[in-house]
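> need a 3D model of the following:
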Amino acid sequence: MTFAQVRRESVADQVFVRLRDAILSGELAPAAALPAERELAARFGVNRQAVREAVGRLAQARLVRVAQGTDTRVEDWRRSAGLDIAAQLAGSPDPLAVATLTRDMLEMRAVIGADAARLCAERGDAAARAAVRALAEDYAGIGADLDVLAAANVELWRAIVLGSRNVAYLLSFNSLVGHALAVAPVPPSRRTAELLDVPGYLRLAVAIESGDADGARERAWQLLGRGVAAVDGRC
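Numbering: from 1, shown residues only. As a prediction, this is how the structure comes out:
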């Protein structure tokens with residue numbers, strides 16, 4: 001394989017992105033050995049320190065395995081990589097094409113949200129469930145401003161996830177709404193049906209407050225599934 005030389009600014013970042021994309025695209029196959037540090041430096045037209053830093057980042061992202069005294073081997077990213085890779089692709093100005101990434105993130109949001117609603121109804125304390133009901137009632141009073149609704153929607157779902165008392169769901173939620181994976185950048189106009197379903201959110205809040213776990217899950221899935229469908233072109 002060949003590599004084009006990179007610009008001199010942020011060369012380690014550029015080398016990392018080129019190698020990362022070669023791994024994710026399959027150009028560098030699982031179990032393949034990376035070229036030696038000296039060879040990569042020559043191919044990219046950079047110094048060896050930049051290559052060393054880039055390979056270190058690949059190892060941190062679990063895209064390669066570095067073993068002292070042996071070849072650096074490409075990992076099978078489908079088995080080893082985590083959400084940090086999706087975050088990089090979402091935040092990159094020219095990411096490796098992943099046409100379904102926004103849909104995939106919305107699907108993950110729907111799955112987590114539906115189960116968090118179930119857990120909030122099932123094991124959330126009275127204060128947590130009452131907070132969801134209060135936020136839903138506030139949400140109902142906002143009107144039809146999609147941008148304001150989108151911001152309030154995040155806080156309503158945050159209360160539900162907090163009430164689920166599932167730390168893994170909470171950390172995933174934070175990634176989905178506040179960082180590079182954020183669903184929030186999806187234009188509210190593409191989530192109109194979801195955001196404007198005020199009766200749906202009130203029914204969800206009632207189910208949670210009353211401890212109806214199955215009903216809460218079903219209502220949450222109906223709401224969040226609309227966002228998926230809108231981005232996926234099904235409505």
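
> please make it C-alpha for all contacts and neighbour counts, starting now.
Will do.

> report the buried residues of the lengthiest helix in the chain.
If you go by DSSP state H, the chain has its longest helix at helix 101-123. Of the residues in helix 101-123, 102-123 count as buried by neighbour count, 16 or more other Cα atoms under 10 Å.

> same for it, what does it pack against?
Judged by 3 or more Cα pairs under 8 Å, 6 or more residues apart in numbering; DSSP states H and E, helix 101-123 is in contact with helix 126-140, helix 146-164, helix 167-178, helix 198-209, helix 213-231.

> hmm, try it at 7 Å
helix 146-164, helix 198-209, helix 213-231 (3 or more Cα pairs under 7 Å, 6 or more residues apart in numbering; DSSP states H and E).

> of those helices, flag the one that's most buried.
helix 198-209 (a mean of 22; mean count of other Cα atoms under 10 Å).

> and Gly69, its phi and psi?
Phi and psi for Gly69, reported as degrees, to the nearest 10, are phi 80, psi 0.

> residues near it, how many?
A total of 6 residues lie near Gly69 under the criterion other Cα atoms under 10 Å.

> ok, it to Leu40 distance?
From Gly69 across to Leu40, the span is 17 Å (Cα to Cα, to the nearest Å).

> for Ala151, same thing?
From Ala151 to Leu40 the distance is 46 Å (Cα to Cα).

> in stretch 12-25, what counts as buried?
In stretch 12-25, counting by 16+ other Cα under 10 Å, buried: Ala12, Gln14, Val15, Phe16, Val17, Arg18, Leu19, Arg20, Asp21, Ile23, Leu24.
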